[in-house]
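Colleague: turn this into a structure:
(chains A and B)
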Amino acid sequence: MILFESVSHDIGSTRIFSDLTLCVNKNEKVLILGKSGLGKTSLFRLILGFEQPKSGQIRVNGLQLNQIHIHQIRRQIFYLSQDIDLKNDIILRLLTEVWEFNFSQPLPREMVDKQLNFLELSPAILQKRTKDLSGGERQRTGLLIGFLLDRPIWLLDEPTSALDDTMKKKIADHILSSDKTCIIISHDRRWQDNPTVRIERWS
Amino acid sequence: MGAHDLSIFSLASLLIFLVPILYISRYLKLGINRTILVGMARMCLQLSFVGLYLEFLFKFDSPWLNGAYLLLMISIACHSILKSSNLKVRIFFKPLFFSLLIPFSVILLFFNAVVVHIDNLFEAKYLVPIGGMLLGNCLRSIIIGLTNFYSGLKKNEREYLYSLALFNNQTQALKPWFKESLTAAINPTLASMATIGLVSLPGMMTGQILGGSIPLVAIKYQIAIMGCIFYTEYFSVILSILFSLKTGFNAFDVLKPDIFQNTQN
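Modeller: Below you'll find the predicted structure:
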């Protein structure tokens, strides 16, 4: 599903990684472990076409990552960035905009309520602005968007860092038992403890 | 009819007021005396040249020459806009040139043909001063628009990229910055339209009245020109952003890193 073939990547004159080869199969869950500064976030940014590799090839679902396929590729990916960089707006308006733009139909409220319930978020959060959310609320709002979009590939950058332990486990178990293809960057043990996960150690 | 000519001496007499200004600025250590002097000198020099040049233009009144003069004015405006917006001329000159040229020529020619009913659409007497007024005002609003758009995007780049991932559509992801820049760009003109006549008498009207027009005629021209300024600004700001997207972003819809003249900002 996601394939890196001897990819080298620089930012400016700094080499981020060289000759990286990585294969993530359909439905597989891969956890990337390693100290910060090893370019884990850059890996996601490469898959999304936000950065371009110096050399090597990246394939997503058989499509070579280039300017022709980039929109087809982005359409399949849900990305949760570390700081969940949602634009500042009222959450309900944001959800409506994202949903309506992607599916050209009105936002189904019962589905939102169901996910809010699962994520243990109060419906009052829908009236809040992005900037007023706490770290944990922000993370769960990001995940809520992911559940709604239901795209097949998930790229999660520290998705549970601001959550309490029970919530971490609940979300990790839920995502790892889903049919998504996932790459997860996380220092939380909850993700490592699950046997379905394949661990890639970077050093 | 027409205004009294001013002698060079009486014009120079106005410089008297510069003396206390220079003195005060120096006393307060504002450090702007050099800038003031250079600014005054440039204004005098540039306007004198334009005066001579306009005499020449008006005498020949050739449509080609007048048109060429407007194109030159647009080119200079583009340079000046990009310099003030800290954007690279090499990357943005062409899109900016067309985003000024299109609304500018449509509205200017409409003004000459439909509003004023002049036979020669390229008559220097109308084309050059009115064109200059439209351009001068557009200059300010496009600077505000482009600066807001690109520096805002640069500052919130991760937010933009995140929206790009969610919407998978550049236009949709850019909407917040586009809206913000457009309103910021046209707000000054909207504000001045709301107070014009109450607080300030616009320069064009003053000029016409001094030149011998009766106030009612001057007012009609002023109304027409304010409308034209607003329309030209509105469309040229929109186009300048839209046209710049092609060269300002790479094929993956990501902001190019080297679009700013000065990378410190």
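Colleague: looking at chain B, which helix or strand does the model trust least?
Modeller: Using mean pLDDT, DSSP states H and E, helix B:203-210 stands out as the lowest-scoring helix or strand of chain B, at a mean of 82.
Colleague: could you list the domains of chain B?
Modeller: Here the domain parsing of chain B from automatic domain parsing is B:1-60, B:61-248.
Colleague: show me where the stretch 1-150 of chain B has helices.
Modeller: B:8-13, B:18-27, B:33-60, B:63-84, B:89-110, B:124-155 (DSSP state H, counting those that start in this stretch).
Colleague: and stretch A:48-59, does that touch chain B?
Modeller: Yes: contact of stretch A:48-59 with chain B (CB under 8 Å from any CB of the partner chain) involves A:48-52. For the C-beta atoms, the positions are set from N, CA and C on the backbone; glycine is no exception.
Colleague: quick one, phi psi at residue B:257?
Modeller: phi -80, psi -20 (degrees, to the nearest 10).
Colleague: how near is it to residue B:248?
Modeller: Distance of residue B:257 to residue B:248, given as CB to CB, to the nearest Å: 11 Å.
Colleague: what's the closest of the domains of chain B to residue A:171?
Modeller: domain B:61-248 (19.4 Å; CB to CB).
Colleague: how about the residues of chain A by chain B?
Modeller: A:45, A:48-52, A:67, A:70-71, A:74-75, A:77-79, A:81, A:83-87, A:98, A:101-102, A:145, A:149.
Colleague: in strands only, show me those.
Modeller: A:77-79 (DSSP state E).
Colleague: list only those of those residues flagged as buried.
Modeller: The neighbour-count criterion (16 or more other CB atoms under 10 Å in any protein chain shown) marks A:77-79 among these as buried.
Colleague: now do the contacts for residue 169.
Modeller: Using chain A here. residue A:190 (CB atoms under 8 Å, 6 or more residues apart in numbering or on different chains).
Colleague: chain B was what I was after
Modeller: Residues in contact with residue B:169 (CB under 8 Å, 6+ apart) are residue A:101.
Colleague: against residue B:127, how distant is it?
Modeller: 41 Å.
Colleague: try residue A:147
Modeller: Counting by CB to CB, the gap from residue A:147 to residue B:127 is 61 Å.
Colleague: again, but for residue B:146
Modeller: On the measure of CB to CB, residue B:146 and residue B:127 end up 26 Å apart.
Colleague: show me where the stretch 151-265 of chain B has helices.
Modeller: B:157-167, B:170-195, B:203-210, B:215-248.
Colleague: rank those helices by pLDDT, which is bottom?
Modeller: Looking at the helices of the stretch 151-265 of chain B, the lowest mean pLDDT belongs to helix B:203-210 (a mean of 82).
Colleague: which positions in that one come out as buried?
Modeller: B:204-205, B:208-209.
Colleague: and what of stretch A:143-150?
Modeller: A:143-149.
Colleague: shaky segments in the chain?
Modeller: You didn't say which chain, so I picked chain A. Under the criterion pLDDT under 70, no range of chain A is flagged.
Colleague: can you look at chain B instead?
Modeller: Counting by pLDDT under 70, chain B has low-confidence residues at B:1-2, B:263-265.
Colleague: return the residues of it in contact with chain A.
Modeller: Close to chain A, as judged by CB under 8 Å from any CB, chain B has residues B:156, B:158-159, B:161-169, B:172, B:176, B:251-254.
Colleague: now, of these, which are buried?
Modeller: Looks like the residues of chain B next to chain A have B:156, B:159, B:161-169, B:172, B:176, B:252-254 buried, using 16+ other CB under 10 Å.
Colleague: the helices of the stretch 151-265 of chain B: which one's closest to residue B:78?
Modeller: By CB to CB (comparing all of these), the closest turns out to be helix B:215-248, at 9.5 Å.
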